[in-house]
Every structure is written in structure tokens, then in C-alpha cells.
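1. Here's my sequence, what's the structure:
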Amino acid sequence: MIQRLQKKFALSEQGAVDLIKAITACTLQNIAFMFPVGLLYYLVSDLMNGGVPEERRLFYGVGCLFSILLIFIITYFQYNATYLATYVETGVRRITLAEKLRKIPLSFFGKKDLADLTSTIMADCTFLETAFSHFIPELFGSIISTVLIAISLFFFDWRMALAALWVAPVAFAIVLLSAKVQEGLNQKAMDAKMACADGIQEYLETVQDLKANNAEDTYLVILDQKIKAVEHRAIIGEFGMAVFVVSAQLILKLGMATVALVGSALLIKGTLDVLTFFMFLLVVSRLYDPLQGALQNLAAVITARTNIARMNEILDHPVQTGEKELGNQGYDVTFDRVGFAYNSGETVLKDVSFTARQGQVTALVGPSGGGKTTVSRLAARFWDCNKGTITVGGMDISKVEPETLLSLYSIVFQEVTLFNNTIMENIRLGRKDASDDEVLEAARLANCHEFIKKLPKGYHTDIGENGCALSGGQRQRISIARAFLKNAPIILLDEATASLDVENETLIQTALSRLIKNKTVLIIAHRMRTVAGADQIVVLAEGNVVEQGDPKTLLDKKGLFSHMVDLQRQGQNWTLEKAVSYQKI
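-> Predicted structure coming up:
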């Protein structure tokens, strides 16, 4: 039962246990509210029989105090079991989702954007908090307590019990039959929210480009339409829910009428006494109150399915697993007939085989879209290949736990990510236990030291969100300094020098030559002169290795690599005068 609740409502094990406690508390609370009704029934019975006997007055006094105390205790228990436990569970859910995202293959993130994942962790968990503090416990508590009370009513008079309870299954059936309609409306509302969130995030990220191209007004018109679409979908969703819930509540109200009509008919026939009739009127007036709330809660639980499904999509996604112990012999990275396709079905790599040897620089070059970056991601097991094997020192990386495997890699991405912290701490991310002197040495190797000394607080200067206070080249050099600090045996450089000028690029290459001693270096570059000193060049085109060898051999071969070198030489001879002349022609 615990596992079913975990799966159905995206709960932790403790959260499922707390949900059972909350349902129990709500059930007991609804039953406790019936105690005063019972006391009133016996009091009216005594009054109709000539008054309250002296010896029973104490009973009623104690009964009233007991009812108040019981309701207070159960309400206190119910508050703790629903609200307080739910707040704890919401925090656990957010942490669990974040931890799961850390272990999910990067292929998952190709289907999701930042706004969607942020909404799942924040907004969906907030909705979960409301559902488990209000909707679900009260719904099941109302159903269970109603069933128990209904059974007792049949012992008094089955005819009156049927008159009182026939409306309940009809009302619930109306709401349940609306499930598909409500889920469809909620999904459309969710899609509108995601489109709006994406639009807002995109605007904030691209506002500079929009202003530069005088496109801001046009974009804001589209964004305004997305915001109005959210409002429109919210209204439709609320109306769609109200149609079914209000209809069900109107049916529920008929129960009072049928109890009165059937009771009156039975009184006239003499088959029902006045006291029982009065008791049923009291009970149903109290019974229908939680049922009306239960109908609203049922509709809310149906709506929550969309949010729960979004969380379960993350929680149920398979994770990359493997051994926590490394078994490699050396650090040669070998691709053996590797093939890979993204979830979209687009084949990126078909049959890639090569070896990046320890102590050498292996450069991946080729036309855009040839699979160079994909190769580097597969080497670090950011994704798992669809066919073939990738090994490090003879160790199959698909059988190694990703975080353990990444201890072997220092990686510099084409897109640099820095944190809103000091330069010192941004570089120290490469190795958290590094001393300040080690950080400074890494910065020198990456040619960062000179520009850092000129900053107001040097290495203790805050660089803003994603290093907004630095230039592109400075940001990339800090990223390279991280790799130097980590000092891992395998280095992956994805366009690592793309934002550097010629002088800095030369200095970085000089630093790399010192760093790669007895290490494996896999570098991706478009500038042919960047890879001129590589020990091995692997040329990728259309997902295949079309050429590989040292630079001289490939130049003499007059193949694709040689053609790319010639094209870049022609580009270097390009001048503004030539471009103007060509435009005039």
C-alpha cells in the first residue's frame, strides 16, 4: 500500500506513511463531529419522554465536555498530520527531484527546458503541498467516515438510509466521469503556463539582442498573447471544473428533500417514529457538509494528476548506474564502432572508431554537425552510446558510475558557466580542497593572473551571475583554470580557445603542452592552426571517421582536412576592401 501511494502521488516513503496518518486523522475528525449529534438525539429522546432525569444530567454535561475535548485533540492531531507533515514532504520532494536530476542522463535534458524543470520543482511541488494538506486527506477522510456513518444508519432504518445516501454515489459519479475532460483542460492550461514561462525566460536572456535589432516591441506583443492565453485557460479550467462540481453538489442537496419526503410518508403510515425522523434530519445535515467538500477535493485531486505525472516523469526516469571502483589500466580513450542517436531519432554517430592515447593530443575536427561535440560528451558518459563500446584504459565506461568516471576528466565546455561568487571560488570548483596557492598557480597556467590582479579585489572579486562582470575571453580562461586545478588524467577541450585572441590562444597552447605530460587530451577545434601541433587528428563528417592521422600525413593526403585548411587560409586573406569590391560587383 505504501508503494502504491508513493507511485500514485509522487511521495517519499515517509510521505506515504504521513498521508495514511492524515487520512486517519480526517476520518476521526469527521466521526468526532457526529458525537454532539448523538448527544442531541438522546437529549431530545429524554425531553419527549417527560424531561431529563436527574441522574442523566451529569451524563450530558460530561458528554459535552468529552466531545469538545475529543474534537480538540483529534483536530490537533489532524493539523500536524496534514499541514506540518506536508511542509516537510514538500521539502523532501524538491530535494529528491533535484538529486534525481543530478543522476539522470543528459539526454533527458534535451527534451526539457529550464522553465519546465524549474516549474516542476517549485510550482508542482507547491501544488502537491496544497493537495496533501487540504484535498487528499479530507477527500478520503470524508469517504471513509461517510461509509462508516452510512452503515450505522442502516441499523436504524434502511429506508431512511437509502433516502439519505442515494445522492452520494450519483454526485461522485458525475465528478469522476468528468476526469478526462478536467485532465484535458488542465493539460492545456499547463501547456499555456509553460509557453508563457519559456517566453519570459527567453526575453530576459535575449533582451540585449532584441533591443539591438529593434525587435523588442514585436516580441512583447507575442509574449503578451502568451500571458493572456494563461489567463484564458485558467478561466476555462475553473469553469470546466465548476460545471461538474456544482452539478454534483446540487444533486447532493436533493438528499435533504428525499429524507424529508420519505420520512413524512413513513410518519403518515405510522412505520416511523418522530424521534428517528428527527435523528435522520440531524445526521444528514451534518453528513452532507463534508461530502460537499469531498466533491471539490475530488475534482482537485483529478486536476493534480497532471502535476504528479510531471514529477513522476523525473522520478521514474532511468538513471545511469555502474561500479564505484575504477578498473582502468592507463588512460587511453578508445571508441570501438560507436553509434549514437538522440531521442528525436536523429543519428549523429554511425560507426566511429579511434583511440586517443595517453600522453598525446587527439584533435577532433570536421564540418559543423559532424558529431565532434557528441564524441566528447559520450567519452565522459554524459550520454550512453546506442551501439559499440567506449573504454578508458580498457575499462568499459558504461559499467562505471558517472560521478566516479568523471573524477578522471577535466572538461572545458564551449559554453562557459560561472557562478555568482568570487573568482577564487569559481576556479576552486575544479578541486574544492585546493589551497589558495594552488588556485593562483592554475590561474597562471590559464593566463588569468594578469587580468585578475587588475580587478578591484583581485581573486576575491565577485563576478556576478554567470560571470557577467568579465569578458568572454576572461570567462573562458577561468573555466580553463578549473581544468588545470583539477589536474585529471584526461582532458576534454570543446572549443576551449574559441573566445581567445591569437596571443592568448598561443599562451594557452603553451600551458597545455606543459599540462598534457602523461595525460590524454581530446580537443575539439575549428581553427586548423589550433590543432597543428596535435599528435593525432580525427576528422568527423556525417557521423563517421573519414580521416585520421598526424597533421602532416593528412595534409599530404589532400582529403577533407587539407581542404578545410585551404579554406581557412583563404579566409585569413579576406579583407574589408575585398568584401566591398565583391559587393559592388
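2. got any ranges where the stretch 251-400 of the chain has weak pLDDT?
-> Scanning the stretch 251-400 of the chain for pLDDT under 70 picks out 343-345.
3. now the helices for it?
-> 274-315, 372-379 (DSSP state H, counting those that start in this stretch).
4. any idea how far the first one is from the chain center?
-> Put plainly, it is helix 274-315. 30 Å (CA atoms, centre = their mean, to the nearest Å).
5. now the helices of the stretch 251-400 of the chain as TSV including distance to residue 346?
-> In this view, the C-beta of every residue, glycine as well, is placed from N, C-alpha and C. What follows is the helices of the stretch 251-400 of the chain, written out as TSV (distance: least, CB to CB, whole Å):
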stretch	distance to residue 346
helix 274-315	22
helix 372-379	11
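6. Mind checking those helices for the one nearest to residue 531?
-> With distances scored as CB to CB, the stretch of the helices of the stretch 251-400 of the chain nearest to residue 531 is helix 372-379 (11.4 Å).
7. which other residues reach the closest one?
-> For helix 372-379, contacts defined as CB atoms under 8 Å, 6 or more residues apart in numbering pick out 106, 333, 335, 338, 340, 348-349, 352, 356, 364-366, 383-385, 390, 397, 409, 411, 414, 490, 492, 494, 522, 524, 540.
8. please redo it, this time with the cut-off set to 6 Å
-> 333, 348, 364, 366, 383, 385, 492, 494, 524, 540 (CB atoms under 6 Å, 6 or more residues apart in numbering).
9. Which of the helices of the stretch 251-400 of the chain sits closest to residue 418?
-> Using CB to CB, the nearest of the helices of the stretch 251-400 of the chain to residue 418 is helix 372-379, at 20.2 Å.
10. ok, back up a step: okay, the helices of the stretch 251-400 of the chain, which one's buried deepest?
-> For the helices of the stretch 251-400 of the chain, the largest average neighbour count (mean count of other CB atoms under 10 Å) is found in helix 372-379, namely a mean of 23.
11. mind checking how far the most centrally placed residue in the chain is from residue 314?
-> Nearest residue to the geometric centre of the chain (CA atoms, centre = their mean): residue 117, 3.9 Å. Distance of residue 117 to residue 314, given as CB to CB, to the nearest Å: 8 Å.
12. do the same with residue 257
-> According to CB to CB, residue 257 stands 49 Å off from residue 314.
13. can you check residue 350 too?
-> Going from residue 350 to residue 314 by CB to CB gives 31 Å.
14. what does residue 477 give?
-> Taken as CB to CB, the spacing of residue 477 relative to residue 314 amounts to 35 Å.
15. got any ranges where this structure has weak pLDDT?
-> Ranges of the chain meeting pLDDT under 70: 107, 110-111, 343-345, 496-515, 529, 571-585.
16. can I see the domain layout of it?
-> For the chain, automatic domain parsing gives the domain ranges 2-315, 333-550.
17. Just grab the bridge partners of the closest residue to residue 391 other than its chain neighbours for me.
-> Distance criterion CB to CB, 6 or more residues apart in numbering; nearest residue to residue 391, sequence neighbours excluded, is residue 334 at 4.8 Å. As for beta bridges, residue 334 partners with residue 355, residue 391 under DSSP bridges.
18. In this structure residue 334 contacts residue 356, no?
-> No: using CB atoms under 6 Å, residue 334 is not in contact with residue 356, being 7.8 Å away.
19. between the two, which one's more packed in?
-> Shown here are residue 334 and residue 356; by other CB atoms under 10 Å, residue 356 has more neighbours (26 against 17).
20. Residue 522 is in contact with the more buried one, correct?
-> Yes: counting by CB under 6 Å, residue 356 does reach residue 522; the two are 4.9 Å apart.
21. Spit out the residues that contact these two alike.
-> Here residue 356 and residue 522 share the contacting residues residue 362, scored by CB under 6 Å, 6+ apart.
22. mind checking the end-to-end distance for stretch 549-562?
-> 12 Å (CA to CA, to the nearest Å).
23. going forward, begin numbering at 797 instead of 1
-> Noted, 797 is the first residue going forward, which turns the last one into stretch 1345-1358.
24. Run through who's touching stretch 1194-1202.
-> Residues contacting stretch 1194-1202 (CB under 6 Å, 6+ apart): 1116, 1118-1120, 1177, 1180, 1193.
25. Now for those: which two are most distant?
-> Most distant of those, by CB to CB, are 1120 and 1180, 17.5 Å apart.
26. Have a look at these two and say which one is more surrounded.
-> Neighbour comparison, residue 1120 and residue 1180: the larger count goes to residue 1180, with 14 against 9 (by other CB under 10 Å).
27. how near is the closest residue to that one other than its chain neighbours to residue 1177?
-> Once flanking residues are discounted, residue 1180 sits nearest to residue 1194: 5.6 Å by CB to CB, 6+ apart. Using CB to CB, one gets 7 Å for the distance from residue 1194 to residue 1177.
28. and the two? which has more neighbours close in?
-> Neighbour totals were compared for residue 1194 and residue 1177, and residue 1177 leads with 23 against 16 (other CB under 10 Å).
29. I'd assumed residue 1193 was in contact with that one.
-> Yes: counting by CB under 6 Å, residue 1177 touches residue 1193, with 5.1 Å between them.
30. Look up how far residue 983 lies from the closest residue to residue 1039 other than its chain neighbours.
-> In this structure, residue 1039 finds its nearest non-sequential neighbour in residue 974, 7.9 Å apart by CB to CB, 6+ apart. In this view, residue 974 and residue 983 are 14 Å apart by CB to CB.
31. do residue 806 as well
-> 17 Å.
32. So which of those two has more stuff around it?
-> Using other CB under 10 Å, the more surrounded residue of residue 806 and residue 983 is residue 806, with 25 against 15.
33. how about the more buried one, what does it touch?
-> 1104, 1107-1108.
34. Could you do residue 1087 as well?
-> residue 1048.
35. Ok, the one 5 residues further on next?
-> Contacts of residue 1092 were listed using CB under 6 Å, 6+ apart, and they are residue 1041.
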